[in-house]
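> I need the structure of the sequence given here:
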Amino acid sequence: AEAREIAGTKFLAQVLSGVSGKDLPTLIDEHKARLGSGAVLLIADTGGKAAVAAGVTADLTEKLSAVDLVRAAVAQLGGKGGGGRPDMAQGGGADIARAQDAIGAAEAVLGG
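Model (predicted):
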């Protein structure tokens, strides 16, 4: 997946299948390293349900939190809450079919 720029921040969002929620933090770290500066949102299809993880590079955590990205995405996926740290957060949702809505909600948090 290619990163797009939203309101001056590089943003990579991807829906994955064949991975579990516990695989996501490692993948987030890999994408953050590749981006250098930016935010990442990954949504894993875990058999109809969704596992969500977001990451924000250290240089951006003063103004952008991965927790906010995850909470926006999780709300669209029929889940509640989500949490973690400004640089890495996770959550889950009930409806993977709404993954594109979840990505849109995260883009809105970025100002897109």
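
> quick one: the strands in this protein?
Taking DSSP state E, the strands of the chain run over residues 4-6, 9-17, 39-45, 50-56, 83-85, 88-93.

> quick one, the last one and strand 50-56 angle?
It refers to strand 88-93. 160 degrees (axes from the mean of the first three to the mean of the last three C-alpha atoms, to 10 degrees).

> give the pairing partners of strand 88-93; include direction for each.
strand 50-56 (antiparallel), strand 83-85 (antiparallel) (DSSP bridges).

> go on, the third one?
When pairing is defined by DSSP bridges, strand 39-45 lines up against strand 9-17 (parallel), strand 50-56 (antiparallel).

> ok, so what distance separates the residue nearest in space to the middle of the chain from Ala97?
The centre of the chain sits closest to Leu41, judged by C-alpha atoms, centre = their mean, with a distance of 2.2 Å. Distance of Leu41 to Ala97, computed by C-beta to C-beta, to the nearest Å: 17 Å. The way it works is simple: take the backbone N, C-alpha and C, and place the C-beta from them, glycine included.
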